[in-house]
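Q: A predicted structure for the sequence below; I have some questions about it.
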Amino acid sequence: MQAIYEYTGIVETVCELQTFASGFTKQDLVLTDDNDVQTKYPNHIAFSFKKDNTNLLKNVQKGQRAKVRFAIDGRVWQDPKTGKNRYFTDLTALKLELLDADGSSTEPMPDPADVPENVLAGDTEDLPF
């Protein structure tokens, strides 16, 4: 089973919904770490919400505190022209929880057992190339 991680931060941006020719949909959410907001070089962490999980971003706005439960996915792609491998890492968001200013939840976060198996199995059908 794939490891599940959590990250809490401030919403920096909700990117546009992307729809690929195959019908696959993806939307990114960028969070900035609470502690890094005032630093010169804050970390901006992008999480990918895929397929039906893009619905979780409908009411998310810049400046909100949020907690994301995610899996780390890695893939290799071999360039057919050069034969060289290229490696991709993706933070696949599984759940989103909006937080109040004091850190308490505004909605319950379901258990990881509710995550679809194809997300945990590293479904590779979502590659845009």
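A: Perfect, thanks for sending it. Numbers count the residues shown, from 1 in each chain.
Q: from now on I want contacts and neighbour counts done on CA atoms only, so please keep to that.
A: Fine.
Q: for the residue most central in space within the chain, what are its contacts?
A: Geometric centre of the chain, nearest residue: Phe47, 2.4 Å, by CA atoms, centre = their mean. If you count contacts by CA atoms under 8 Å, 6 or more residues apart in numbering, Phe47 has them with Asp28, Leu29, Val30, Phe70, Asp90, Leu91, Thr92, Ala93.
Q: so which of the residues you listed wins on neighbours?
A: Ala93 (26 neighbours; other CA atoms under 10 Å).
Q: so it is in which element?
A: strand 85-99 (DSSP states H and E).
Q: elements contacting that strand?
A: Applying 3 or more CA pairs under 8 Å, 6 or more residues apart in numbering; DSSP states H and E, one finds that strand 85-99 contacts strand 44-50, strand 65-78.
Q: that strand: which residues count as buried?
A: Using 16 or more other CA atoms under 10 Å as the test for burial, strand 85-99 gives Leu91, Thr92, Ala93, Leu94, Lys95, Leu96, Glu97, Leu98, Leu99.
Q: over to stretch 31-50?
A: Leu31, Thr32, Asp33, His44, Ile45, Ala46, Phe47, Ser48, Phe49, Lys50.
Q: check which helix or strand the second one maps to.
A: Going back to what we said before, that points to Thr32. Thr32 belongs to strand 25-33, assigned by DSSP H and E.
Q: re earlier: could the buried residues of strand 85-99 go into JSON lines alongside distance to Ala21?
A: Output for those, formatted as JSON lines (distance: CA to CA, whole Å):
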{"residue": "Leu91", "distance to Ala21": "22"}
{"residue": "Thr92", "distance to Ala21": "20"}
{"residue": "Ala93", "distance to Ala21": "22"}
{"residue": "Leu94", "distance to Ala21": "23"}
{"residue": "Lys95", "distance to Ala21": "26"}
{"residue": "Leu96", "distance to Ala21": "27"}
{"residue": "Glu97", "distance to Ala21": "30"}
{"residue": "Leu98", "distance to Ala21": "31"}
{"residue": "Leu99", "distance to Ala21": "35"}
